[in-house]
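1. fold the following, please.
(one chain, ligands or ions: 1)
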Amino acid sequence: MDVYTHSEMLPAHYYPAFKKYKHFVGNYGNAWWQQLREFESFNGPVLFTTNCIVPPRKEEIRKRIFTTGATGYPGCTHIEGDEEGRKDFSEIIELAKTRPPPAEIEKGTIVGGFAHEQVFALADQIVEAVRSGSIKKFFVMAGCDGRMNSRRYYTDFASELPEDNVILTAGCAKYRYNKLDLGDIGGIPRVLDAGQCNDSYSLALIILKLKEIFGLEDINELPIVYNISRYEQKAVIVLLALLYLGVKNIQLGPTLPAFLSPNVAKVLVEKFGITSIGTVAEDPERFLGA
Ligand code: SF4
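-> Next up, the predicted model:
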């Protein structure tokens with residue numbers, strides 16, 4: 001019986017410790033918002049361990065969705081731990097044995113696992129590439145994905161970026177460009193994926209490390225551009241962390257958060273230079289000229 005991840009669980013494949021599980025075979029599908037369609041063709045049971053569950057429309061699918069921990073949805077079976085916290089997932093395994101295999105929707109390989117320790121291990125190579133000019137800029141394109149057509153901007157933006165630029169990503173935003181063949185710069189992949197949205201912490205450590213290595217006073221002197229896609233509260237916390245670190249001129253998209261009062265929006269724009277996305281025809285050039 002094969003086990004797949006979906007959406008934000010993709011980074012599980014980057015952990016060497018899981019390589020010993022031969023039946024842990026791959027990731028099925030894309031960002032969270034595609035689950036209605038993808039769970040249908042997946043055919044098997046699905047276990048939700050974290051948020052971003054989209055209410056299943058069909059009863060057949062609801063019956064093969066299981067939740068645990070903080071997640072839950074009416075009509076889906078919730079797996080609780082016993083008094084020692086042990087969880088019994090045998091019902092999911094038994095159901096999987098009775099189900100048809102997933103319908104193949106795509107195949108390929110994704111390179112990932114660039115949390116801070118892995119990037120620190122490559123630090124000499126990266127610094128040399130920046131000093132020699134092989135890497136011109138880093139684009140932090142972390143954040144969420146969502147179903148709005150306007151998010152196509154991030155796919156087009158990544159495709160249009162000149163080949164001497166590297167994308168640092170974390171979170172569902174990566175599904176907009178992690179299956180493009182963007183290549184590498186002297187062996188350094190052009191998309192460095194730190195993992196889940198929670199791994200944005202790693203991106204902050206990488207930024208601080210680069211500041212230290214280059215001996216800079218101001219984080220904004222680094223050759224880093226921030227083009228963040230937001231959707232919900234966690235991405236807003238990432239934004240607040242970046243502001244706390246003193247990062248300026250962050251571009252947020254596809255729109256500025258609607259919950260910002262006019263006064264707060266004014267402070268963010270005036271004090272931190274936050275803007276919303278423009279067009280793919282203009283933005284890469286604007287950033288690279290900045
Ligand atoms: S908070 Fe954003 S990046 Fe994180 S799982 Fe939800 S949609 Fe994905």
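2. next, count neighbours for Glu91.
-> Neighbour count for Glu91, taken as other Cβ atoms under 10 Å: 12. Where you see a C-beta, it was placed from the backbone N, CA and C, and this is true even at glycine.
3. which residues touch it?
-> Listed by Cβ atoms under 8 Å, 6 or more residues apart in numbering, the contact partners of Glu91 are Phe66, Thr77, Ile79.
4. who wins on neighbours among those?
-> Phe66 (20 neighbours).
5. list the buried residues of stretch 142-155.
-> By 16 or more other Cβ atoms under 10 Å, the buried positions in stretch 142-155 come out as Ala142, Gly143, Cys144, Asp145, Gly146, Arg151, Tyr153, Tyr154.
6. do the same with stretch 190-202
-> For stretch 190-202, by 16+ other Cβ under 10 Å, it's 190-202.
7. quick one: contacts of that stretch?
-> Defining contact as Cβ under 8 Å, 6+ apart, one finds that stretch 190-202 is touched by 8, 11, 14, 110-116, 119, 142-144, 158, 163, 165-172, 174, 177-178, 182-184, 203, 206, 234-235, 238, 241.
8. now stretch 139-146
-> Residues from elsewhere that reach stretch 139-146 (Cβ under 8 Å, 6+ apart): 31-33, 151, 154, 157-158, 161, 165-177, 194, 197, 200, 203, 207, 224-232, 234-235, 238, 254, 287.
9. hmm, which of these are the buried ones?
-> 31-33, 151, 154, 157-158, 161, 165-177, 194, 197, 200, 203, 207, 224-231, 234-235, 238, 254, 287.
10. so which of those also contact the ligand?
-> Applying Cβ under 6 Å from any ligand atom, the subset of these adjacent to the ligand comprises Trp32, Gly171, Cys172, Cys197, Tyr231, Lys234, Ala235.
11. for the residues you listed, give me JSON lines that also has pLDDT, distance to Lys87 and secondary structure.
-> Listed next are these as JSON lines, based on pLDDT from 0 to 100; distance: Cβ to Cβ, whole Å; DSSP: H, G, I helix; E, B strand; the rest coil:
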{"residue": "Trp32", "pLDDT": "94", "distance to Lys87": "22", "secondary structure": "helix"}
{"residue": "Gly171", "pLDDT": "92", "distance to Lys87": "26", "secondary structure": "coil"}
{"residue": "Cys172", "pLDDT": "92", "distance to Lys87": "26", "secondary structure": "helix"}
{"residue": "Cys197", "pLDDT": "88", "distance to Lys87": "24", "secondary structure": "helix"}
{"residue": "Tyr231", "pLDDT": "79", "distance to Lys87": "29", "secondary structure": "coil"}
{"residue": "Lys234", "pLDDT": "76", "distance to Lys87": "24", "secondary structure": "helix"}
{"residue": "Ala235", "pLDDT": "77", "distance to Lys87": "29", "secondary structure": "helix"}
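12. need those residues in JSON lines (columns: distance to Glu40).
-> Below are those laid out as JSON lines (distance: Cβ to Cβ, whole Å):
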{"residue": "Trp32", "distance to Glu40": "15"}
{"residue": "Gly171", "distance to Glu40": "25"}
{"residue": "Cys172", "distance to Glu40": "20"}
{"residue": "Cys197", "distance to Glu40": "25"}
{"residue": "Tyr231", "distance to Glu40": "23"}
{"residue": "Lys234", "distance to Glu40": "27"}
{"residue": "Ala235", "distance to Glu40": "28"}
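13. for whichever residue of the stretch 1-150 of the chain sits closest to the ligand, give me the pLDDT.
-> Of all residues in the stretch 1-150 of the chain, Cys144 sits closest to the ligand, at 3.1 Å by Cβ to the nearest ligand atom. Confidence at Cys144, expressed as pLDDT, is 90.
14. against Ile105, how distant is the closest residue in space to it that isn't next to it in sequence?
-> With Cβ to Cβ, 6 or more residues apart in numbering as the criterion, Cys144 has its nearest non-adjacent residue at 3.2 Å, and that residue is Tyr231. From Tyr231 across to Ile105, the span is 23 Å (Cβ to Cβ, to the nearest Å).
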